[in-house]
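Chemist: predicted model and sequence follow; I will ask about them next.
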Protein chains: 2
Amino acid sequence: MNGAESLVRSLLASGVTTCFANPGTSEMHFVAALDRVPGVRCVLGLFEGVVTGAADGYWRMADKPAATLLHLGPGLANGVANLHNARKANSGIVNVIGEHATYHLQHDAPLTSDIAGIARPVSHWIGRAETAGDVARLGAEAVAAAMTGAGQIASLILPADTAWTEPAEPAAPIAAPARRKADAAAIEAAATALKAAGGHGMLMLGGIALRRHGLELAARISAATGCKLSNSGYSARMERGGGLPEVGRVPFMVDQALAYLKEVRQLVLVGARKPVAFFAYPGKPSLLLPEGCGIVPVATVDDDLIDALERLADALGAPKAAPAAPSLPKPAVPDGAPAPDKIAAAIAALLPEGAIVVDESITSGRGIFAAAAASAPHDWLNNMGGSIGYSLPVAVGCAIARPERKVVALTGDGSAFYTLQALWTMARENLNVTMVVFANRSYAILRNELANVGAANPGPRAIDMLTLDRPDPDWVALAKGHGVLGRRVEDMGSFAKAFSAALAEHGPQLIELRL
Amino acid sequence: MNGAESLVRSLLASGVTTCFANPGTSEMHFVAALDRVPGVRCVLGLFEGVVTGAADGYWRMADKPAATLLHLGPGLANGVANLHNARKANSGIVNVIGEHATYHLQHDAPLTSDIAGIARPVSHWIGRAETAGDVARLGAEAVAAAMTGAGQIASLILPADTAWTEPAEPAAPIAAPARRKADAAAIEAAATALKAAGGHGMLMLGGIALRRHGLELAARISAATGCKLSNSGYSARMERGGGLPEVGRVPFMVDQALAYLKEVRQLVLVGARKPVAFFAYPGKPSLLLPEGCGIVPVATVDDDLIDALERLADALGAPKAAPAAPSLPKPAVPDGAPAPDKIAAAIAALLPEGAIVVDESITSGRGIFAAAAASAPHDWLNNMGGSIGYSLPVAVGCAIARPERKVVALTGDGSAFYTLQALWTMARENLNVTMVVFANRSYAILRNELANVGAANPGPRAIDMLTLDRPDPDWVALAKGHGVLGRRVEDMGSFAKAFSAALAEHGPQLIELRL
């Protein structure tokens, strides 16, 4: 077998069963090998940002890495923005990046580029095969790297001749290192701090502490101490609804965030980092905690978070079962003109059990998260890196990882444009995704931000840079162009009908809610 | 004035009058400054690959740099693939990349990234402002860097606080260094080689040697020696048609390229590099020249190419005027089912005078270049870096630079998907672009490449990675979604009618030619 086939067999032996791909000439042997070796599902994306975002979503819902297949440096570069988001979400991904044959590089052909240089800012691990014999071992190392800690980005550069040369042998899987356990002293300090702070304590959670088991442990800790539970503003994946202990989040707007945190005297971090402002604004702080607030870092997102929470609950003598969370009444389905509270109510009311919500609704959807606490059990996924254009690709990966569940992607129209090619992959794979595009024909968030940064009284040319209404994008046509059924609605009654209809059917549908 | 305004004023003083932009929060002060200072045209792109590709096209047709405005590391990353193409095309671009405020970086907020690291693989020059007082001077340096040699990529990182802090002053323009003149010995060696080789000599041209003046000098050199004229396969911009001296090009396919070059005994390089294969293939050479072929490098693309050609013509005692190029008859407009030769004939016959052809037609359009030698005078632009998704953005920039001319973008459907958001900018700015999408619903080139690299007998899963027909993209709907008129045609008669109609009207139109 050649190097390419040894890589496919090694990835498969290491548990990689999905490859999101946008291949070119240099990757043809890898494609041919994927064809010969059964067991790896190949999913084609028409743009690399779709490919890398899908791998991010896949990890979040499958808890194991997918491979990506990218064409040389520029193909990787097109995937970097969503790799940035994946890195900040601690998603494990194995990028396989084709490269010119080793002996061809000296000639600086058009597609020659510094692939490792492009990979470095978003990769925890970079490997480069020099011979066919290297490839399989590097593949196994890449998977182990991807599964290290909470999850990492591994980028394997595969020169074409190392792929096509024989012979090569598959490599055995390599175990990722065990997660670090929290120090006993940190557990003790956290217990002391939370007991002392009472209702002014906050337990800030991240990573898998936001799954059911972690949340139940956190609720027991809260019951023992009165502390509040929060994430730092965003979560890669959080289980919620159906009576799960509810966790707040730090608001995006600095003034609201300061108000949210102003009573906190002791902050205990389990898989989360100190809450900081998304952006800096003149005259406003970067760090959002009140002065004098104690900070007790117990475990980083890479550590064994469940162990840390169990030991913290034990140290506090917490009750063995979390108290039942109050049952929240689902909101009524509203009618009339669209408004933020009505949008939140409609989606919260109709969200089906087991939904995977991929949220990139920005200004239009800020109320949905809070309202959906009353919804049926679901997972809530945020953009952890802030590079917009994450939601449709991530929805692709979620739907591949969990075909039995409904993915609900909520996106602003500005955001959706960055990676709209994801629609075609959804159509091709008949993915179970309902999309809502909030069509305000504007980078609405930037209109606020213009004022927030103190650039007041914008003139027409500035406004023009923030406005998408000349021409009006037609999302029903864009969906049709990609092979997806779209519907346009302008009032909440029609929205509820269209949303329910889309949820009731298998396969991708898009709803353009005109605001 | 603040740092942002000092930058806008410095760019303007240095001759930058166009800014392609996709801004975010960190760039709001720059946007506000663009609003206050008249003279810089702002063009919004909905994706950064559109922004950087447009700046590439602008340079090629305006011979001066545009600025781009990009949002932090991920915004830059989305533009890297087309910056790679621009770098390989020797296009000068001034990237202005927003960054978090200097004091905010320590907090590693979601959008924090290694911006210089992302810029490095595609930038000749990188600057980073540390205070508001730095900004203007760095802006002037960036423009000088962009205008150095044949053209360079300059990337200026602008932390938000350096943009919003006062006071700052504009900086005076900085002159780019003069282009190097070719060595007298190289001119003499080239003259000797071409005289000796006669009909087995080849003068390979690149950069501005492919404009009218250079071509006329090259034709005189050919008249004096019998040498052939060629480019190395691609050109950033080449003037042709209307009786201009015709220049061949090295074919993409290795066997055809070897045949094209096999009689060459002496190769003289003026602004071009040695012809090399686009990709490596097992058992085929990377360097395409026959054994024993002499190579005389006279001038790199960064040098003074017109001076070099003038001196070479003088050294050869070339005739003072080039002989009239043979007048080629325009092909007849064909009818019937689409086929490569008919596509070539139709486009060559109908191409209007002054057309700017942006060619990314890949497999469907390989014959158009040769046929268009008989067309009215036009410019022909190639993808110099090989990263697909270049043509629609470059067409945007060409149309902004030369509004009085018709831009004709020829693209495969696979290629067009990467940066289809360019359509919206064309609609918004009512750009004079006629697009032809060759809809073969396939990465057709890769089907050939699979065989070329020796990965024969592909199975259904490999073929699936190269096929775009499930679902069929609907380019008329995609155009409509972006606010552009589209037409679908399936035979050559209808194509000629639709192409003529689109050419006759100002503004963007798209023709989907179903193959």
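Modeler: Okay, I see it. Numbers count the residues shown, from 1 in each chain, chains lettered A, B, ... in the order given.

Chemist: where along the stretch 51-200 of chain A do the helices fall?
Modeler: With helices called from DSSP state H, counting those that start in this stretch, the stretch 51-200 of chain A shows them at A:72-88, A:115-119, A:132-146, A:160-164, A:184-197.

Chemist: reformat these as CSV; add distance to chain B, mean neighbour count and mean pLDDT.
Modeler: For every residue, glycine as well, the C-beta is placed using N, CA and C. Below are those laid out as CSV (distance: least, C-beta to the nearest C-beta, whole Å; neighbours: other C-beta atoms under 10 Å in any protein chain shown; pLDDT from 0 to 100):
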stretch, distance to chain B, mean neighbour count, mean pLDDT
helix A:72-88, 3, 30, 98
helix A:115-119, 4, 24, 98
helix A:132-146, 12, 24, 98
helix A:160-164, 6, 26, 97
helix A:184-197, 21, 19, 98
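
Chemist: could these be laid out in CSV, adding distance to A:Ala501?
Modeler: Compiled in CSV, the helices of the stretch 51-200 of chain A are given as follows (distance: least, C-beta to C-beta, whole Å):
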stretch, distance to A:Ala501
helix A:72-88, 30
helix A:115-119, 43
helix A:132-146, 39
helix A:160-164, 46
helix A:184-197, 47
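
Chemist: of those helices, which is nearest A:Arg402?
Modeler: When these are compared by C-beta to C-beta, helix A:72-88 sits nearest A:Arg402, at 17.5 Å.

Chemist: and the closest one, what other elements does it pack with?
Modeler: With contacts defined as 3 or more C-beta pairs under 8 Å, 6 or more residues apart in numbering or on different chains; DSSP states H and E, helix A:72-88 has these neighbours: helix A:48-62, strand A:66-70, strand A:93-99, helix A:115-119, strand A:153-159, helix B:72-88.

Chemist: nearest to A:Leu261, out of the helices of the stretch 51-200 of chain A?
Modeler: Nearest to A:Leu261 among these is helix A:184-197 (12.9 Å), distances taken as C-beta to C-beta.

Chemist: quick one: contacts of the closest one?
Modeler: A:201, A:203, A:221, A:224-225, A:227, A:264-266, A:268, A:270, A:294, A:296-299, A:308, A:311-312, A:315-316 (C-beta atoms under 8 Å, 6 or more residues apart in numbering or on different chains).

Chemist: now do the contacts for A:Gly79.
Modeler: Contacts of A:Gly79 (C-beta under 8 Å, 6+ apart): A:Glu48, A:Gly49, A:Val51, A:Thr52, A:Thr68, A:Leu70, A:Asn95.

Chemist: equivalent analysis for A:Gly226, please.
Modeler: So A:Gly226 contacts A:Gly198, A:Gly199, A:Gly201 (C-beta under 8 Å, 6+ apart).

Chemist: could those residues be laid out in JSON lines, adding distance to A:Asp161 and neighbour count?
Modeler: JSON lines is the format used below for the contacts of A:Gly226 (distance: C-beta to C-beta, whole Å; neighbours: other C-beta atoms under 10 Å in any protein chain shown):
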{"residue": "A:Gly198", "distance to A:Asp161": "66", "neighbour count": "12"}
{"residue": "A:Gly199", "distance to A:Asp161": "65", "neighbour count": "12"}
{"residue": "A:Gly201", "distance to A:Asp161": "59", "neighbour count": "25"}
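
Chemist: which bits of the stretch 251-400 of chain A sit near chain B?
Modeler: A:273-274, A:276-280, A:282, A:286-287, A:383-387, A:389 (C-beta under 8 Å from any C-beta of the partner chain).

Chemist: out of the residues you listed, the closest to B:Tyr418 would be?
Modeler: Closest to B:Tyr418, out of all of these and judged by C-beta to C-beta, is A:Gly389, at 13.3 Å.

Chemist: for chain A, give me the ranges with low pLDDT.
Modeler: Nowhere does chain A drop to pLDDT under 70.

Chemist: can you list contacts of stretch A:63-71?
Modeler: A:11, A:15-16, A:18-27, A:30-31, A:40, A:48, A:51-52, A:54-55, A:58-59, A:76, A:78-79, A:92-98, A:143, A:146-147, A:151, A:154, A:397, A:400.

Chemist: what about burial for these, which qualify?
Modeler: The neighbour count (16 or more other C-beta atoms under 10 Å in any protein chain shown) marks A:11, A:16, A:18-27, A:30-31, A:40, A:48, A:51-52, A:54-55, A:58-59, A:76, A:78-79, A:92-98, A:143, A:146-147, A:151, A:154, A:397, A:400 as buried among those.

Chemist: wait, a helix at A:Ile463?
Modeler: Yes - under DSSP: H, G, I helix; E, B strand; the rest coil, A:Ile463 falls within a helix.

Chemist: quick one on the thing from earlier: got a markdown table for the contacts of A:Gly226, with distance to B:Glu166 too?
Modeler: Supplementary listing: the contacts of A:Gly226 in a markdown table, determined by distance: C-beta to C-beta, whole Å:
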| residue | distance to B:Glu166 |
| --- | --- |
| A:Gly198 | 46 |
| A:Gly199 | 44 |
| A:Gly201 | 43 |
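
Chemist: these in strands, which ones?
Modeler: Cross-referencing those against strands under DSSP state E gives A:Gly201.

Chemist: strands of the stretch 251-400 of chain A, start to end?
Modeler: Listed in chain order, the strands of the stretch 251-400 of chain A (DSSP state E, counting those that start in this stretch) span residues A:266-270, A:294-299, A:355-360, A:378-382.

Chemist: what's the angle between the second one and helix A:184-197?
Modeler: Angular relation of strand A:294-299 and helix A:184-197 on a 0 to 180 degree scale: 140 degrees, by axes from the mean of the first three to the mean of the last three C-alpha atoms, to 10 degrees.

Chemist: tell me what strand A:294-299 is packed against?
Modeler: Packing partners of strand A:294-299 (3+ C-beta pairs under 8 Å, 6+ apart): helix A:184-197, strand A:266-270, helix A:305-315.

Chemist: and the last one, C-alpha only, in CSV?
Modeler: Backbone C-alpha positions of helix A:305-315 (Å, rounded to 0.1, in the frame of the first residue of the first chain) are rendered in CSV as follows:
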residue,chain,number,x,y,z
LEU,A,305,-13.3,18.8,35.1
ILE,A,306,-15.8,16.1,36.3
ASP,A,307,-13.2,14.9,38.9
ALA,A,308,-12.6,18.5,40.0
LEU,A,309,-16.4,19.1,40.5
GLU,A,310,-16.8,15.8,42.3
ARG,A,311,-14.0,16.6,44.7
LEU,A,312,-15.3,20.1,45.2
ALA,A,313,-18.8,18.8,46.0
ASP,A,314,-17.3,16.3,48.4
ALA,A,315,-15.2,18.9,50.1
